[in-house]
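Colleague: With the sequence up front, the predicted model follows.
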Amino acid sequence: LEKRLDALHSAVDDLTEQQKAEAKAAVEAAIIERASIVVAVEALATQDFAKAQWKQVSGSLEALFERWKKHQQDGPRLPKADSADLWKRFRAARTTIETHRKAFFAELDTVHKDARVRKQDLSERAEALAAKGVDGIPAYRTLLDEWKQVGRAGKKADDALWARFSAAGDVLYSARAELDAKDDAEFDEILDKKIALLDEA
């Protein structure tokens, strides 16, 4: 029994050493994997943000954060120092991205607001041409050229403002269509008289 017990002690010691080695290897592998997540988010944070596609960047950042949380939940517990260092790097990179993202959209809001104001002004000027009828068409075309030079005001605002601006143009072109129809009727009447004269001749 003592010999068997000694053998069991030896087996347990071997198993314990094996488990320690496996646990150490698992932790080392987990550190490498989590570090790869950090490297990926740091790569996002060092890109040229002037050329960034923010929908893609935000999606990639969210996916990396989900990977981080899943790894933290499902993976082995990392040494406190390693875990804290990796999280510090991840958080710093994420903060950099979020700062640039907020700055981009703040600037975009300013650009949209400026474009919205300018397009509202163009719409009001176009509507004021209605009283001129056909004579207002050249001025409307000039306003249309200005409209094309103005940047985006955001899809919803752009659609509404364009509907207003184009409606003002429709009024002018409808007046021209009425005038053209009247002229065509007069020309037809004159043509009929000329044909009658030719037939008589």
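Modeller: Arrived safely. Numbering: from 1, shown residues only.
Colleague: Can you point out the buried residues in stretch 140-149?
Modeller: 140, 143, 147 (16 or more other Cβ atoms under 10 Å). (C-beta placed from N, C-alpha, C; glycine too.)
Colleague: between those, which is nearest Trp54?
Modeller: Trp147 (26.6 Å; Cβ to Cβ).
Colleague: surely the closest one meets Lys119?
Modeller: Yes: Trp147 sits in contact with Lys119 when judged by Cβ atoms under 8 Å, with a separation of 6.8 Å.
Colleague: what touches both of these two?
Modeller: Applying Cβ atoms under 8 Å, 6 or more residues apart in numbering, one finds that Trp147 and Lys119 are jointly contacted by Phe165.
Colleague: Return the member of the buried residues of stretch 140-149 nearest to Glu98.
Modeller: Ranked by distance to Glu98 (Cβ to Cβ), those are led by Trp147 at 35.1 Å.
Colleague: Can you give me the pLDDT of the closest one?
Modeller: Note on Trp147: pLDDT of 91.
Colleague: what about it, distance to Val117?
Modeller: Applying Cβ to Cβ, to the nearest Å, the value for Trp147 to Val117 is 13 Å.
Colleague: same question, Val38
Modeller: To Val117, Val38 is 44 Å away according to Cβ to Cβ.
Colleague: swap in Arg152?
Modeller: Distance from Arg152 to Val117, by Cβ to Cβ: 13 Å.
Colleague: who touches both of these two?
Modeller: Common neighbours of Arg152 and Val117 (Cβ under 8 Å, 6+ apart) do not exist.
Colleague: CA atoms only for whichever strand or helix holds His71, dumped as CSV, please.
Modeller: His71 belongs to helix 54-74 when elements are defined using DSSP states H and E. Only the C-alpha atoms of helix 54-74 are listed here, as CSV (Å, rounded to 0.1, in the frame of the first residue of the first chain):
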residue,chain,number,x,y,z
TRP,A,54,-16.1,56.5,-40.2
LYS,A,55,-18.8,53.9,-40.6
GLN,A,56,-16.1,51.3,-41.2
VAL,A,57,-13.8,52.6,-38.5
SER,A,58,-16.6,52.6,-35.9
GLY,A,59,-17.7,49.1,-37.0
SER,A,60,-14.1,47.8,-36.7
LEU,A,61,-13.7,49.4,-33.3
GLU,A,62,-16.9,47.9,-32.0
ALA,A,63,-15.9,44.5,-33.3
LEU,A,64,-12.5,44.7,-31.6
PHE,A,65,-14.1,45.8,-28.3
GLU,A,66,-16.5,42.8,-28.5
ARG,A,67,-13.5,40.5,-29.1
TRP,A,68,-11.8,42.0,-26.0
LYS,A,69,-14.8,41.5,-23.8
LYS,A,70,-15.3,37.9,-25.0
HIS,A,71,-11.7,37.1,-24.5
GLN,A,72,-11.7,38.6,-21.0
GLN,A,73,-14.8,36.6,-20.2
ASP,A,74,-13.9,33.2,-21.8
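Colleague: and it, how far out from the chain's middle?
Modeller: 18 Å (Cα atoms, centre = their mean, to the nearest Å).
Colleague: List the buried residues of it.
Modeller: Counting neighbours by 16+ other Cβ under 10 Å, one finds that the buried residues in helix 54-74 are 57, 60-61, 64, 67-68, 71-72.
Colleague: Before I go, just wanted to say thanks for your time.
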